[in-house]
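>>> Quick one, what's the 3D model for this:
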Amino acid sequence: MNCPPDAMRAGDYRSGALLETIARELAVRGLDIREHHHSAELVEIAVTNPGDLNRGRVSVGYDGCLTWEYSGDTETRAGIEEIRDIIASVLKSDLRGIRRRADDQASD
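Okay, the predicted model is just below:
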């Protein structure tokens, strides 16, 4: 990411500046970004994959709150198992490689 080094904290910037950076970099990756403003300030982005809207929507607020919305099938056993597996995959995935790459990029 093209973010400032950790020594420069988010509080040093207007609240939507780092959110704008995230939005730009996700758009470059082909994701669709919807911006939500309060007055002139960017306070949240909503991110979807235009090639597969069934993957859900991720919202990121200026406060760092990240929410993923996904509509699953709770009427069938297969649907419930899919929801269970998605949750387990997201929450139990090894993110160390992703975090390591982000740290490497920040130090460049």
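>>> From now on I want contacts and neighbour counts done on CA atoms only, so please keep to that.
Will do.
>>> which outside residues touch the strand or helix carrying Ala78?
Following DSSP states H and E, one finds Ala78 within helix 77-92. Contacts to helix 77-92, defined as Cα atoms under 8 Å, 6 or more residues apart in numbering, come from residues Gly72, Asp73, Thr74.
>>> Is Gly64 in a helix, a strand, or coil?
coil (DSSP: H, G, I helix; E, B strand; the rest coil).
>>> low-scoring stretches of this structure, by residue?
By pLDDT under 70, the low-scoring segments of the chain are 1-15, 98-108.
>>> so Val60 sits in a helix?
No. According to three-state DSSP, Val60 belongs to no helix; its state is strand.
>>> What sits closest to it if chain neighbours are left out?
Leu66 (4.5 Å; Cα to Cα, 6 or more residues apart in numbering).
>>> I'd assumed Val58 was in contact with that neighbour.
Yes. Judged on Cα atoms under 8 Å, Leu66 makes contact with Val58 at a distance of 6.9 Å.
>>> out of those two, which sits in the busier spot?
Set Leu66 next to Val58 and count neighbours by other Cα atoms under 10 Å: Val58 wins out with 16 against 13.
>>> Give me the neighbour count for Pro65.
Heads up, residue 65 is Cys, not Pro. 9.
>>> Could you pull up the residues touching it?
By Cα under 8 Å, 6+ apart, the contact set of Cys65 is Ser59.
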